[in-house]
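Novice: prediction below, plus the sequence it came from.
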Amino acid sequence: MEQHTTPEGVDLYRRGILLGAVSSIGYSAANVFLRAVDDCDPVWVSCIKAVPTILVVFPWLVWRYQKVESKFCPPKLALGLVLLSMASHFLGNVGFQWSLNKIGISLAVPICLGVLIVTGALVDWWFLKDKPSRRTMWSMAILVTAVVVLSTGGKEAFAQLKRTLEAPDSNPYLLALAVGAVIVSGINYGFFGAVIKVVGNRDVSQPAIMTIISVTGFLFLLVISAFNGSWEVERNLEAEHLLQMTLAGICNAIAFVALVSAIKILSVTRYNLVNASQAALGAITGAVIFHEPVSAWMVGGIVLTVVGLMVMKRNK
């Protein structure tokens, strides 16, 4: 749909960009609340975070089933979404959440997005046969550079955070494992967008996709939480922490709805490039809210992010 030059095509493209921006802002806001509860069990946090999405999309699905269409989702696609949801919630959400108090939001977000951009572009090209344009390639190169620059600036936050860690968490191998978890999270999210694109192209409705993913993820993480004793840890059940987890879930729900809507209009690569603004937003929130150090690298990375998004702007 990105190649349309008609007024309708341009309007549709702009709607996709706007939805992508809403998704990026929503996920960035969710990351702030997730960072605030980084001392809670990551599985439990990810479980609670899924609840608001269910409360939004399930009534939407019921309404659509009754008023718009009677078909739901083919069994094979539903099974694929169930498996995707379990992998995405555990490898993506839980892994990312676990890493936040190990390497900080200023480092975790840019690394995750850098891996996501590259993974999404490769999947888009190889499996969806959607070769990016020259302008998109330039934009991707600039945004990946911005991510690298922001990650370099984030090392200062990482060094400061490492000094504040308790002795058991100061193990360098554990810190390296946190970086690895973020990389795996980025790869997971890169495939996630492509699968949603494929399923959406097969006329499966947005609420059906989101209901299957969110309900499966919630139940899967709820079972794990029951087995690992998350309900028995006091800080996991404190009212303030539960509120922050819920707020993270609300922001995540808004972002998820925008993501599924945007990915129907834009290619996976182009959506991920719009979503790259999370890297700059993550650096800013890390510095302003959590007092992670500001550096020239961070400022330069933010500037490059803006330039990369401007380069991606569609020619009329």
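Specialist: Yep, it's here.
Novice: hmm, Thr211 is touching Pro59, no?
Specialist: No. Taking contacts as C-beta atoms under 8 Å, Thr211 lies outside contact range of Pro59: 9.8 Å. Using the backbone N, CA and C atoms, a C-beta is placed for each residue, glycine as well.
Novice: which one's more surrounded, those two?
Specialist: Per other C-beta atoms under 10 Å, whichever of Thr211 and Pro59 has more neighbours is Thr211, with 23 against 12.
Novice: now the helix or strand where that one lies: average pLDDT?
Specialist: Per DSSP states H and E, Thr211 falls inside helix 206-228. For helix 206-228, mean pLDDT rounds to 91.
Novice: and it, what does it pack against?
Specialist: helix 42-67, helix 75-87, helix 172-201, helix 239-263 (3 or more C-beta pairs under 8 Å, 6 or more residues apart in numbering; DSSP states H and E).
Novice: ok, the nearest residue to Arg64 once chain neighbours are set aside - contacts?
Specialist: If the residues on either side of it in the chain are set aside, Arg64 comes closest to Pro207, at 5.5 Å by C-beta to C-beta, 6 or more residues apart in numbering. Applying C-beta atoms under 8 Å, 6 or more residues apart in numbering, we find Pro207 in contact with Val57, Phe58, Trp60, Leu61, Arg64.
Novice: ok, 10 Å please
Specialist: Counting by C-beta atoms under 10 Å, 6 or more residues apart in numbering, Pro207 touches 56-65, 68, 72, 257, 260.
Novice: repeat that for Leu79.
Specialist: Leu79 sits next to Cys73, Ile212 when contact means C-beta under 10 Å, 6+ apart.
Novice: confidence score at it?
Specialist: 89.
Novice: thought Ala253 was touching Val260?
Specialist: No. Ala253 lies out of contact with Val260 (C-beta atoms under 10 Å); the separation is 11.1 Å.
Novice: overlap in contacts of those two?
Specialist: The contact sets of Ala253 and Val260 overlap at Val57, Met210 (C-beta under 10 Å, 6+ apart).
Novice: and the helix or strand hosting Asp11, how far out from the chain middle?
Specialist: For Asp11, the element it lies in under DSSP H and E is helix 7-36. Helix 7-36 sits 11 Å away from the centroid of its parent chain (C-alpha atoms, centre = their mean, to the nearest Å).
Novice: buried stuff in it?
Specialist: Within helix 7-36, the residues that qualify as buried are 12-13, 16-17, 19-36, counting by 16 or more other C-beta atoms under 10 Å.
Novice: report the separation between Arg35 and Cys251.
Specialist: Distance of Arg35 to Cys251, given as C-beta to C-beta, to the nearest Å: 12 Å.
Novice: which one among the contacts of Pro207 gets closest to Asp203?
Specialist: Of all those, Asp203 sits closest to Phe72, with 11.4 Å by C-beta to C-beta.
Novice: contacts only, for the nearest residue in space to that closest one that is not next to it in sequence.
Specialist: Excluding the flanking residues, the one nearest Phe72 by C-beta to C-beta, 6+ apart is Ala208, at 5.8 Å. Contacts here follow C-beta under 10 Å, 6+ apart; on that basis Ala208 touches 57, 60-61, 64-65, 69, 71-73, 77-78, 81, 199-200.
Novice: got a quick PyMOL command for the buried subset of these?
Specialist: PyMOL command restricting the contacts of Ala208 to the buried ones, with burial defined by 16+ other C-beta under 10 Å:
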select buried, resi 57+60+61+64+72+73+77+78+81+199+200
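Novice: could I get the average pLDDT for the helix holding Asp11?
Specialist: The average pLDDT within helix 7-36 is 85.
Novice: ranking the helices and strands packed on helix 206-228 by mean pLDDT, which is last?
Specialist: Per-stretch mean pLDDT for those is lowest at helix 172-201 (a mean of 80).
Novice: list the buried residues of it.
Specialist: 175, 178-179, 181-200.
Novice: same check on stretch 274-285?
Specialist: By neighbour count with 16+ other C-beta under 10 Å, stretch 274-285 contains the buried residues Val274, Asn275, Ala276, Ser277, Gln278, Ala279, Ala280, Leu281, Gly282, Ala283, Thr285.
Novice: between those residues, which is nearest Ala141?
Specialist: The nearest member of the buried residues of stretch 274-285 to Ala141, counting by C-beta to C-beta, is Ala276 at 11.7 Å.
Novice: in which helix or strand does the closest residue to the closest one other than its chain neighbours reside?
Specialist: Leaving aside its sequence neighbours, Ala276 sits nearest to Leu143 (C-beta to C-beta, 6+ apart; 4.5 Å). Using DSSP H and E, Leu143 sits in helix 134-164.
Novice: average pLDDT across that helix?
Specialist: pLDDT averaged over helix 134-164 gives 66.
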